[in-house]
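>>> Got a predicted model here, sequence first, then my questions.
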Amino acid sequence: MKINYSGQTDKGRVRKANEDFLAYEKISENEYLFIVADGMGGHQAGDVASKLGTQAFVSAYKSLRGNDDTISETMQQSIKEANTTILAKASADLSKKGMGTTFSAMVISDMKAHIVHVGDSRIYLIRDNRIHKITTDHTFVEKMMEEGRLSEEEARNHPQKNILYMSLGARESFAPVLIEDYEVREGDLFILCSDGLNNMVSDEQILEFSFKHPSPTEMVAALIDQANEQGGTDNITVQAIEIGSKNNSGETEPINIVKRKGAVFALSFIALLIILFIIYLVFK
């Protein structure tokens with residue numbers, strides 16, 4: 001399984017600090033972990049929550065992965081550990097009270113994706129020239145849209161679109177979304193991002209940029225630049241994960257021009273010898 005990936009975070013044009021945090025790590029030869037977290041809280045506690053939650057999750061995941069539990073079971077246990085760690089920090093330090101973070105983690109292993117998610121950071125899949133939002137935003141506006149009380153356009157421009165009803169570190173009891181054994185195909189492109197991207201850049205633009213920029217590194221940089229050009233009102237974090245190659249070039253060996261020329265010359269020489277031999281037989 002060949003994976004190309006890149007991640008980057010930027011504080012944007014308005015915020016004084018960056019409260020986003022990202023992580024990507026190769027767990028084993030065939031297992032990769034990707035995380036995007038967007039912190040919130042007063043007194044710059046948001047950056048503490050996103051970093052602390054991510055580090056606690058990664059540490060727990062790597063420690064527990066050696067057990068007999070499945071990847072999804074390990075992710076469930078790890079996000080609970082991350083939640084407990086944030087709550088403990090907030091309880092011990094009153095200046096961090098009320099801090100929390102969105103949290104979107106994805107593990108890719110054996111052409112399967114496993115996702116655990118809470119908040120309004122997002123995971124997209126670009127496949128067959130179409131973009132799909134895999135995760136659901138845990139916002140009241142998204143819930144109203146699901147209930148048919150708001151249109152997609154109304155939801156996008158709603159002044160309270162980023163008010164969450166679920167986040168990491170908000171309470172001891174919570175129910176993160178878990179997606180297990182999601183089929184991964186050659187050529188798939190996954191995008192993990194904080195809302196600093198999708199609030200500025202539409203899904204259609206994200207899809208368009210995937211065509212314009214062939215590598216994950218170029219695409220990530222271009223999307224962050226575009227989000228800043230269109231306002232940059234929040235921190236922006238983007239990860240792009242490409243499975244194999246979008247045009248499956250990894251399955252095709254490049255043509256060796258020198259070898260082809262040599263082969264053509266050899267065939268031409270053999271054909272000439274055959275023609276000369278036939279002429280010899282005719283006029284003998």
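Noted; the coordinates are in hand.

>>> Once you drop chain neighbours, what's closest to E242?
With sequence-adjacent residues excluded and distances taken as C-beta to C-beta, 6 or more residues apart in numbering, E242 is closest to N4, at 4.5 Å. C-beta coordinates here come from the backbone N, C-alpha and C atoms, glycine included.

>>> Which secondary structure element of this structure has the lowest mean pLDDT?
One helix or strand of the chain scores below all others by mean pLDDT, DSSP states H and E: helix 257-282, with a mean of 50.

>>> per-residue pLDDT, the closest residue to G41 other than its chain neighbours?
Closest residue in space to G41, ignoring its immediate chain neighbours: M99 at 3.1 Å, by C-beta to C-beta, 6+ apart. If you check M99, the pLDDT there is 96.

>>> what's the answer for V238, then?
So, for V238, pLDDT stands at 98.

>>> For beta bridges, what are the partners of it?
Counting by DSSP bridges, V238 forms beta bridges with Q8, C193.

>>> Let me see the contact set for it.
7-9, 191-194, 197, 220, 223-224 (C-beta atoms under 8 Å, 6 or more residues apart in numbering).

>>> Now do stretch 156-163, average pLDDT.
77.

>>> In it, which residues are buried?
158, 161-162 (16 or more other C-beta atoms under 10 Å).

>>> What segments of the stretch 151-284 of the chain are helices?
152-156, 195-198, 203-212, 216-229, 257-282 (DSSP state H, counting those that start in this stretch).

>>> Quick one: residues in contact with the shortest one.
What that stands for is helix 195-198. Taking C-beta under 8 Å, 6+ apart as the rule, helix 195-198 contacts 12, 20, 38, 102, 120-122, 162, 206, 223-224, 227, 232-238.

>>> Return the distance of stretch 196-215 from the chain's centre.
Remark: stretch 196-215 is offset 12 Å from the chain centroid, using C-alpha atoms, centre = their mean, to the nearest Å.

>>> State the mean pLDDT of it.
Averaged across stretch 196-215, pLDDT comes to 95.

>>> now swap in stretch 55-63 and tell me
97.

>>> Let me see the residues that make contact with that stretch.
Against stretch 55-63 from outside (C-beta under 8 Å, 6+ apart): 23, 25, 27, 33, 35, 74-75, 77-79, 81-82, 84-86, 103, 105.

>>> Going through those residues, which ones are buried?
For those, buried by 16+ other C-beta under 10 Å: 23, 27, 33, 35, 74-75, 77-79, 81-82, 85-86, 103, 105.

>>> taking those one by one, which sit in helices?
Using DSSP state H, the members of the buried ones among the contacts of stretch 55-63 that fall in helices are 74-75, 77-79, 81-82, 85-86.
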